[in-house]
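Undergrad: build me a model from this:
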Amino acid sequence: MKRSSLIIPVFIAMLSFGGQAPAATKFDIEETLNFTEAWYKPGRSDEDNFRRLVEGLKKISTGKKVIAKATEKAAQQGFTLFDVVAIGDGSLTDTTLIRRFAASNPAAVMYETRSKVYLNKHLKTLDALLDFAHELTHYTYREPFNPYDSRFHLKDFIKSTVEGRGGEVDAYMVECKVLQELLPGVGFARSNCQKVYDQKLGSVSKELGIQEFYKVGNHFDNLKKDLDKFAITAGELPQASNSEALFISSAWGLPYPVAAVKEYVNIMDRVCKNDQNRITLMQDKIGRAPASVDSNKDTQDFRLMFEDFKSRCDRFVSK
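TA: You can find the predicted model right below:
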């Protein structure tokens, strides 16, 4: 399945940068949903299109939990579930980091994150149900990150993307559980979910999922070279292997660990360009200010800002 996009946030704004009830049967769901027809109908409102998927997911155990948790998270931010979902040409969870500061005081920065789930309008209903559960898992559980933070490192970014809470493995496991409950038996057996299914446990396995998602095939040597550039040893990502890659990021067309490297560099390029602009504003402020206690503080703030910028951005900005 090349179903899920790389759920690594794309940043915009200031920074333009997924006792148990018995499983429902196929017949139960298809009383209201036809798996093989398009889930999105232009004649219905966007909310009505989504509401049909929501009601379909609520009829199975895993789907019901996914909807409940996503609804709860949206409510914590003052939204309904339908406020945080939208129709798209691909399925992805977009998290926006908004950085706010005044030109008159570039040292004082505030951050805010917002997430939205986009669902591919071209999918059949079954695929839409699986994608929706997958993306809502990202939305609900993935921890936001701040690329302006000095602790934002490539190794942690790869791990968070692949195996972290709400990352690709977690989202795919939820997707497989939904498929198993919607189509127990043959439908599930014919899917790639078998790759992460532990026969002994009788369930999908995160351990098997991690093994699969770290397979990068013939990208392995290039991945090692990229990791070397960031002083990451093979022992720090021991699961990465040159076995054939089955799971591919639709955002980059690459295995997820390789795509995560590309996305990290892409994010940091833009972060560092934004920080250059912020440093320029701080220089302008210092240049305009008369000698005073405040200007001394501004100079100290500038030095700290510049040192932080140099430590994070030397490899990302033009000399």
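Undergrad: hey, let's count contacts and neighbours off CA atoms from now on
TA: Noted.
Undergrad: could you pull out the helices for the chain?
TA: Secondary structure of the chain (DSSP state H): helices at 26-30, 46-57, 61-76, 125-141, 154-162, 168-182, 186-189, 206-213, 220-229, 256-288, 293-313.
Undergrad: redo the ones you listed as CSV? Include distance to Trp39 and mean neighbour count.
TA: Below are the helices of the chain laid out as CSV (distance: least, C-alpha to C-alpha, whole Å; neighbours: other C-alpha atoms under 10 Å):
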stretch, distance to Trp39, mean neighbour count
helix 26-30, 12, 15
helix 46-57, 7, 18
helix 61-76, 17, 18
helix 125-141, 4, 26
helix 154-162, 28, 20
helix 168-182, 16, 26
helix 186-189, 19, 14
helix 206-213, 28, 18
helix 220-229, 38, 15
helix 256-288, 27, 18
helix 293-313, 45, 15
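Undergrad: next, format these as TSV and append distance to Arg99.
TA: Output for the helices of the chain, formatted as TSV (distance: least, C-alpha to C-alpha, whole Å):
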stretch	distance to Arg99
helix 26-30	44
helix 46-57	30
helix 61-76	21
helix 125-141	20
helix 154-162	20
helix 168-182	26
helix 186-189	44
helix 206-213	32
helix 220-229	28
helix 256-288	10
helix 293-313	15
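Undergrad: of these, which approaches Ile87 most closely?
TA: helix 46-57 (7.1 Å; C-alpha to C-alpha).
Undergrad: tell me what the closest one is packed against?
TA: Judged by 3 or more C-alpha pairs under 8 Å, 6 or more residues apart in numbering; DSSP states H and E, helix 46-57 is in contact with helix 61-76, helix 125-141.
Undergrad: what lies in contact with that helix?
TA: Contacts to helix 46-57, defined as C-alpha atoms under 8 Å, 6 or more residues apart in numbering, come from residues 29, 32-33, 39-41, 63-64, 67, 82, 86-87, 125, 128-129.
Undergrad: how about stretch 129-139?
TA: 3-4, 7, 18, 53, 56-57, 63, 66-67, 70, 91-93, 115-117, 119, 166-168, 170-172, 174-176, 178-179.
Undergrad: can we see that at 6 Å?
TA: Outside stretch 129-139, the residues that touch it by C-alpha atoms under 6 Å, 6 or more residues apart in numbering are 18, 93, 166, 171, 175.
Undergrad: repeat for stretch 104-113
TA: Stretch 104-113 is contacted by residues 96-101, 282 when judged by C-alpha under 6 Å, 6+ apart.
Undergrad: how many residues are close by Trp252?
TA: Using other C-alpha atoms under 10 Å, the number of residues around Trp252 comes to 15.
Undergrad: so who does it touch?
TA: With contacts defined as C-alpha under 6 Å, 6+ apart, Trp252 is in contact with Ala259.
Undergrad: of the contacts of helix 46-57, which is the nearest to Asn296?
TA: Asn296 lies nearest to Ala86 out of those, by C-alpha to C-alpha, at 48.7 Å.
Undergrad: who does the nearest residue to that closest one once chain neighbours are set aside form a beta bridge with?
TA: Across the structure, with C-alpha to C-alpha, 6 or more residues apart in numbering as the measure, the residue nearest Ala86 apart from its sequence neighbours is Tyr118 (4.8 Å). Using DSSP bridges, the bridge partners assigned to Tyr118 are Ala86, Leu92.
Undergrad: what's near enough to touch Tyr118?
TA: With C-alpha under 6 Å, 6+ apart, Tyr118 has these contacts: 85-88, 91-92.
Undergrad: I'm done for today, thanks for sticking with me.
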